[in-house]
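Sharing a model prediction with you, sequence too.
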Amino acid sequence: MGKNKFEHLPLSTSGPQDCALTGPALLHTPYLNKGTAFTADERKNFDLIGLLPSSVNTLEDQVKRAYDQYSARRTPLGKNTFMTSMKEQNEVLYYKLIQSHLKEMFPIIYTPTEGEAIQDYSRLFRRPEGCFLDVSMTSEQIEQALGRYGSEEDIDVIACSDGEQILGIGDQGVGGILIAIAKLVLYTLCAGVHPNRTLPVVLDVGTDNHELLNDELYLGIKRPRTRGEEYDAFVERYVSACRKLYPKAYLHFEDFGLPNARRILDLYTPKIACFNDDVQGTGCVTLAAMYAAAHVAGLKMGELRVVMFGAGSAGTGIADQIRDAIAVESGKSKEEATKQIWCIDKPGLLLASMKDELTPAQHPYAREDGDKEKKGLLDVVREVKPHVLIGTSTRPKAFTKEVVQGMAKHVDRPIIFPLSNPTRLHEADPKDLFEWTDGKVLCATGSPFPPVETKDGKKREIAECNNSTCFPGIGLGIILSRAKLLTTEMLVAAVKALAAQAPALKDPDAGLLPDIVDVRDISVKIAAGVIRQAEKDGVAQEKGIPKDEGELEEWISEQMWTPRYRELRKVDVEGASRAARGEAGSKGMERVVSNQQ
Ligand SMILES: NC(=O)C1=CN([C@@H]2O[C@H](COP(=O)(O)OP(=O)(O)OC[C@H]3O[C@@H](n4cnc5c(N)ncnc54)[C@H](O)[C@@H]3O)[C@@H](O)[C@H]2O)C=CC1
Ligand SMILES: CC(=O)C(=O)O
Ligand SMILES: [Mg+2]
């Protein structure tokens with residue numbers, strides 16, 4: 001193979017991989033371990049003779065064996081545990097296995113099954129992964145804990161959760177570490193972010209979940225959640241430590257509770273490159289799906305009437321992005337665009353008269369108009385006649401037949417996105433939506449659903465409208481451009497790149513978002529859009545970004561980690577890079593091979 005033009009880049013994974021480990025230490029380091037795929041030469045050179053059976057497997061052989069073992073697990077949670085164990089043994093095999101069975105395994109390693117694993121975290125616990133910070137820790141202790149994962153150049157992204165609003169299953173305390181881990185797995189799987197350059201963190205501030213507090217095996221701090229100044233000061237100590245130790249890493253916030261998610265995002269957005277996936281990632285993917293739906297329905301953004309059911313972090317994040325898109329596309333002011341969005345939460349339609357109960361993010365959507373009586377979803381749908389109905393409420397089956405048919409009476413193609421996760425919390429089942437609307441619905445869901453067969457015998461794919469379709473590509477763009485901030489315009493660029501890939505633009509019966517199997521290609525496009533916008537906004541710090549568009553995609557692809565075995569090149573432990581010692585990033589801890597298959 002000829003030399004690749006971008007092979008010299010530090011993140012390139014072309015060519016051999018330096019390795020400073022030998023013998024059992026090498027076998028026990030998941031980032032470098034190849035198991036039965038170590039070649040005869042490698043076994044000799046790396047002191048592995050006698051530590052492995054004599055046959056040498058290919059990665060494909062190993063995938064086949066691992067898949068058979070995986071398939072023998074009877075429950076989704078059993079499969080999830082198997083995959084966790086696999087990740088602790090051999091990372092290339094772990095990612096290759098998922099890539100080879102992506103559609104089947106995505107719901108196992110992510111929503112909905114990961115939600116079950118998080119709920120059972122303290123019971124299923126075998127060994128720690130990630131960094132556990134608790135609210136009593138001083139700045140020095142936080143720095144010491146985070147500092148174990150590498151030096152300044154070693155980390156690209158740090159994902160953290162305080163565990164208060166995990167998926168739709170609420171407060172899971174210290175179990176929140178697993179959502180940080182799962183999101184980082186998706187960065188690698190979907191966008192080729194290097195797995196040993198990521199760092200998962202849980203901010204343990206206690207829990208208000210009584211079941212956990214009363215569980216003798218619960219592993220987090222057993223006290224009610226810390227709030228107020230003490231909480232804010234802890235988050236500040238965490239963010240400052242990240243900045244000091246890993247100034248090039250960007251910070252991903254996941255599944256924070258309603259009182260904190262938006263507030264923290266707004267506080268740090270002007271200061272550092274940071275991202276809240278529930279607010280911004282969900283907003284991006286939903287807007288992209290809406291563009292495709294509006295295209296199929298023959299509607300312009302400027303004329304859409306939108307009802308948001310559940311106006312929390314995700315709901316208001318989506319509403320803001322829709323509002324901005326309406327304003328830009330139609331030339332209306334933001335205030336005018338806001339009037340096209342009706343937000344409903346527990347007390348009903350948000351009204352100005354409720355101002356004391358509303359969060360700052362809800363305020364702009366509180367309506368002055370009309371009477372002050374409480375209005376539920378059905379009343380609002382009847383009155384507003386929306387084109388679009390989006391659910392982020394965690395209230396299962398809230399989109400009843402009456403609501404859906406009420407909507408379908410007034411619009412030709414009702415656009416309905418039940419986005420609550422996990423699956424059992426969806427506001428509606430796509431099958432019902434198709435039945436109740438005579439197949440007219442344009443639908444996308446937060447967790448994966450099987451295709452629906454409509455009366456005319458057509459199979460309709462249900463797009464998965466989950467932030468996982470876009471946050472990995474956004475992250476890749478931030479990492480490669482070394483953006484010092486994440487601007488609103490960079491998010492808009494991500495939406496445009498994603499929306500342009502929607503299959504429904506070519507075939508109105510196809511999905512509103514690209515299929516997850518194409519996610520790596522989609523991530524390249526999203527990253528390219530984000531990088532170009534970062535340059536325009538003057539926040540890109542990377543100097544080597546190619547000017548030519550074709551070259552840019554090549555440059556991005558070359559720096560994406562791919563699960564394949566690279567030839568190992570022996571280097572001395574003395575002076576070896578952390579990667580060569582399998583030590584950088586979240587894999588910095590000493591590891592022991594677990595045999596829990
Ligand atoms: N598909 C995706 O990519 C994403 C989906 N989500 C899902 O959205 C849901 C909400 O997540 P967050 O916004 O982070 O939580 P959140 O707690 O910030 O917001 C939920 C909101 O729904 C409201 N709500 C609860 N019951 C309601 C009811 N009966 N009627 C009307 N409103 C009600 C709550 O008061 C709250 O304001 C979760 O199920 C989550 O899994 C969240 C982020 C991304
Ligand atoms: C998908 C996601 O981020 C959530 O449900 O919270
Ligand atoms: Mg989330």
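Looks like it came in fine. Ligands and ions are numbered 1, 2, ... in the order given.

Tell me which residue in the stretch 1-150 of the chain sits closest to ligand 1.
Sorted by distance to ligand 1 under Cβ to the nearest ligand atom, the residues of the stretch 1-150 of the chain start with residue 111, at 7.2 Å. C-beta coordinates here come from the backbone N, C-alpha and C atoms, glycine included.

helix, strand or coil for that residue?
The three-state assignment at residue 111 reads coil, by DSSP: H, G, I helix; E, B strand; the rest coil.

what residues does the chain put near ligand 2?
111, 167, 255, 277, 278, 421, 466, 467 (Cβ under 6 Å from any ligand atom).

Now list the buried members of those residues.
111, 167, 255, 277, 278, 421, 466, 467 (16 or more other Cβ atoms under 10 Å).

Report the spatially nearest residue to whichever residue of the stretch 1-150 of the chain sits closest to ligand 2, omitting neighbours in sequence.
Nearest residue of the stretch 1-150 of the chain to ligand 2, counting by Cβ to the nearest ligand atom: residue 111, 5.9 Å away. Sequence neighbours aside, residue 421 is the residue nearest to residue 111 in space, at 4.6 Å (criterion: Cβ to Cβ, 6 or more residues apart in numbering).

Would you check which pair of the buried ones among the residues of the chain next to ligand 2 lies furthest apart?
Taking Cβ to Cβ, the two most distant members of those are 255 and 466; they sit 13.4 Å apart.

Can you pull the poorly scored residue ranges out of the stretch 351-500 of the chain?
369-372 (pLDDT under 70).

the strands in it, which residues?
Shown for the stretch 351-500 of the chain, the strands assigned by DSSP state E, counting those that start in this stretch span residues 388-391, 415-418, 442-445, 452-453, 459-460, 463-464.

ok now stretch 282-290, how far from the chain's centre?
Taking the mean of its C-alpha atoms, stretch 282-290 sits 14 Å from the chain's own mean (Cα atoms, centre = their mean, to the nearest Å).

Please save the CA atoms from that stretch in PDB.
C-alpha atoms of stretch 282-290 as PDB (Å, rounded to 0.1, in the frame of the first residue of the first chain):
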ATOM      1  CA  THR A 282     -31.300  16.200  20.600                       C
ATOM      2  CA  GLY A 283     -32.200  19.600  19.200                       C
ATOM      3  CA  CYS A 284     -29.900  19.000  16.200                       C
ATOM      4  CA  VAL A 285     -31.100  15.500  15.300                       C
ATOM      5  CA  THR A 286     -34.800  16.500  15.700                       C
ATOM      6  CA  LEU A 287     -34.400  19.500  13.600                       C
ATOM      7  CA  ALA A 288     -32.700  17.500  10.800                       C
ATOM      8  CA  ALA A 289     -35.600  15.000  10.900                       C
ATOM      9  CA  MET A 290     -38.100  17.800  10.800                       C
END
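
And the contacts of that stretch?
301, 304, 314, 317-318, 320-322, 325, 388, 390, 392, 415, 417, 419, 444, 463, 465-467, 469-471, 474, 491, 494-495, 498-499, 502, 512-513 (Cβ atoms under 8 Å, 6 or more residues apart in numbering).

Please flag which of the residues you listed sit within helices.
314, 317-318, 320-322, 325, 471, 474, 491, 494-495, 498-499 (DSSP state H).

Output those of those also counted as contacts of ligand 1.
With the criterion set as Cβ under 6 Å from any ligand atom, the members of the ones in helices among the contacts of stretch 282-290 near ligand 1 are residue 314.

Closest to ligand 3 out of the ones in helices among the contacts of stretch 282-290?
Proximity of those to ligand 3 (Cβ to the ion) peaks at residue 314, which lies at 7.6 Å.

just to revisit the earlier point, got the buried ones among the residues of the chain next to ligand 2 as a markdown table, with distance to residue 288 columns?
A markdown table is the format used below for those (distance: Cβ to Cβ, whole Å):
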| residue | distance to residue 288 |
| --- | --- |
| 111 | 19 |
| 167 | 21 |
| 255 | 22 |
| 277 | 15 |
| 278 | 16 |
| 421 | 18 |
| 466 | 12 |
| 467 | 11 |
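
Kindly provide the distance from residue 575 to ligand 2.
The gap separating residue 575 from ligand 2 is 41 Å, by Cβ to the nearest ligand atom, to the nearest Å.

and that residue, how many neighbours?
Residue 575 has 8 neighbouring residues, counting by other Cβ atoms under 10 Å.

Model confidence score at it, please.
Residue 575 is assigned 71 on the pLDDT scale.

Could I get the phi/psi values of it?
Dihedral pair for residue 575: phi 80, psi 0, per degrees, to the nearest 10.

Equivalent analysis for the one 5 residues further on, please.
Phi and psi for residue 580, reported as degrees, to the nearest 10, are phi -70, psi -20.

Quickly list what's touching both of residue 255 and residue 466.
By Cβ under 8 Å, 6+ apart, no residue touches both residue 255 and residue 466.

List the residues that contact residue 312.
When contacts are counted by Cβ under 8 Å, 6+ apart, residue 312 touches 165, 258, 345, 392, 393.

Please indicate which of the residues you listed are buried?
Buried residues within the contacts of residue 312, defined by neighbour count using 16+ other Cβ under 10 Å: 165, 258, 345, 392, 393.

Quick check: which of these are also close to ligand 1?
Of the residues in the buried ones among the contacts of residue 312, proximity to ligand 1 by Cβ under 6 Å from any ligand atom holds for 165, 258, 345, 392, 393.

out of those residues, what pair is the most spread apart?
Farthest pair in those, by Cβ to Cβ: 165 and 345, 14.2 Å.

okay, the buried ones among the residues of the chain next to ligand 2 in JSON lines with distance to ligand 3 next?
Listed next are these as JSON lines, based on distance: Cβ to the ion, whole Å:
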{"residue": "111", "distance to ligand 3": "9"}
{"residue": "167", "distance to ligand 3": "6"}
{"residue": "255", "distance to ligand 3": "4"}
{"residue": "277", "distance to ligand 3": "5"}
{"residue": "278", "distance to ligand 3": "4"}
{"residue": "421", "distance to ligand 3": "8"}
{"residue": "466", "distance to ligand 3": "9"}
{"residue": "467", "distance to ligand 3": "7"}
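
In contact with the nearest residue to residue 100 once chain neighbours are set aside, which residues?
Distances taken as Cβ to Cβ, 6+ apart place residue 63 nearest to residue 100, at 5.3 Å, with adjacent residues excluded. By Cβ under 8 Å, 6+ apart, residue 63 lies in contact with 93, 96, 97, 100.

what about residue 63, helix or strand, and which?
Using DSSP states H and E, residue 63 sits within helix 59-72.

mind checking how far whatever helix or strand comes next after that helix is from the chain centre?
Using DSSP H and E, the helix or strand that directly follows helix 59-72 along the chain is helix 76-89. Helix 76-89 has its C-alpha centroid displaced from the chain centroid by 19 Å (Cα atoms, centre = their mean).

angle of helix 76-89 against helix 59-72?
Orientation note: helix 76-89 sits at an angle of 150 degrees relative to helix 59-72 (axes from the mean of the first three to the mean of the last three Cα atoms, to 10 degrees).

care to break the protein down by domain?
With domains defined by automatic domain parsing, the chain comprises 22-109, 115-257, 280-465.

What's the end-to-end length of the first one?
Same thing as domain 22-109. In domain 22-109, first residue to last residue: 31 Å (Cα to Cα, to the nearest Å).

one step back: quick one, what contacts the residue of the stretch 1-150 of the chain closest to ligand 1?
167, 421, 422, 423, 446, 447, 466.

show me the residues around the second one that make contact.
Residues touching residue 421, when contacts are defined by Cβ under 8 Å, 6+ apart, comprise 111, 112, 115, 167, 168, 446, 447, 466.

What count of nearby residues applies to the second one?
Right, residue 112. Residue 112: 21 neighbours (other Cβ under 10 Å).

neighbours around residue 130, how many?
Neighbourhood size, residue 130 [other Cβ under 10 Å]: 21.

Please disregard the earlier target; I meant residue 385.
Residue 385: 14 neighbours (other Cβ under 10 Å).

Residue in the stretch 201-350 of the chain with the shortest distance to ligand 1?
Closest to ligand 1 within the stretch 201-350 of the chain is residue 312: 1.7 Å, counting by Cβ to the nearest ligand atom.
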